[in-house]
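A.B. asks: return a 3D structure for these sequence lines:
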Amino acid sequence: MIQSKGHRLWALFSGRLIWPETHCGEFFILGKDGLGTDVSPDTPNALRQLYKPLRREMRRYAKPRLPTEFPQPLIDQGFAYHGEIGWCIDDAVQTAEWFRGRGAAIVEADLWLVKNSVVQPHIQTESGILAYNYSTTTLPSETWEAFVSRSSNEVTAFMRQFRWPENATDPVEQDVRFSLDWAWKEWLEDDGFTFPK
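C.D. replies: The predicted structure is shown next:
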């Protein structure tokens with residue numbers, strides 16, 4: 001599922017019914033337009049957001065939360081910013097492959113433009129701001145292993161397909177990076193997720 005965070009927020013706040021706070025924004029269904037609509041947990045085919053356990057893990061670390069065995073060359077080539085790291089496309093693909101090989105799923109990727117050591121998470125175009133990001137969640141009958149494989153394939157294709165917009169007003173010489181968010185099966189199981197065998 002490729003969508004902009006702005007669309008996700010629009011869908012979140014444009015719903016007709018707000019569910020109790022404990023479930024608000026946690027369960028959703030995808031429309032034919034690819035946008036999510038919040039629903040109650042008992043809705044058939046409802047998907048569950050991965051953000052709660054991911055944000056909990058992110059809060060645990062003020063610095064980039066990389067595993068201790070993560071390759072030092074990829075750390076050195078990344079751009080650390082507020083507890084996250086952005087990599088050039090080839091290094092981001094290597095990072096996604098490294099996590100896949102260890103059983104982690106890539107659940108989000110965001111384009112960063114690095115300007116004067118500050119991250120700009122969008123490209124300014126003649127027609128407005130373009131945010132280029134990817135996010136996914138598990139499918140109802142998907143095993144963890146299938147989710148890891150699918151998310152890795154999708155995010156790799158997403159990053160490799162990036163092309164600088166022809167109508168961009170930002171200079172082409174920008175330092176383009178991709179920040180990745182990943183999840184380990186244990187993080188989600190700690191939050192009550194279960195996966196088919």
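
A.B. asks: mind pulling up the pLDDT for residue 67?
C.D. replies: At residue 67, the pLDDT value in this model is 88.

A.B. asks: from residue 42, how far off is it?
C.D. replies: Residue 67 is 37 Å from residue 42, where distance means Cβ to Cβ, to the nearest Å. For the C-beta atoms, the positions are set from N, CA and C on the backbone; glycine is no exception.

A.B. asks: how about residue 91?
C.D. replies: As defined by Cβ to Cβ, residue 91 lies at a distance of 43 Å from residue 42.

A.B. asks: neighbour count for the two, which is higher?
C.D. replies: When residue 91 and residue 42 are compared for neighbours, residue 91 comes out ahead with 19 against 8, by other Cβ atoms under 10 Å.

A.B. asks: doesn't the more buried one belong to a helix?
C.D. replies: Yes: under DSSP: H, G, I helix; E, B strand; the rest coil, residue 91 falls within a helix.

A.B. asks: now for it: which residues touch it?
C.D. replies: 74, 77, 78 (Cβ atoms under 8 Å, 6 or more residues apart in numbering).

A.B. asks: in this protein, which spans are strands?
C.D. replies: 27-30, 36-38, 47-48, 79-81, 84-87, 105-115, 118-120, 123-125, 128-130, 133-135, 175-183 (DSSP state E).

A.B. asks: which of those strands sits closest to residue 167?
C.D. replies: strand 123-125 (4.7 Å; Cβ to Cβ).

A.B. asks: return the set of buried residues in that closest one.
C.D. replies: The neighbour-count check on strand 123-125 (16 or more other Cβ atoms under 10 Å) flags residue 123 as buried.

A.B. asks: distance of the closest residue to residue 97 other than its chain neighbours from residue 128?
C.D. replies: Closest residue in space to residue 97, ignoring its immediate chain neighbours: residue 152 at 7.0 Å, by Cβ to Cβ, 6 or more residues apart in numbering. Separation of residue 152 from residue 128 (Cβ to Cβ): 31 Å.

A.B. asks: who has more neighbours out of these two?
C.D. replies: Neighbours per residue (other Cβ under 10 Å) separate residue 152 from residue 128, with residue 152 holding more: 20 against 9.
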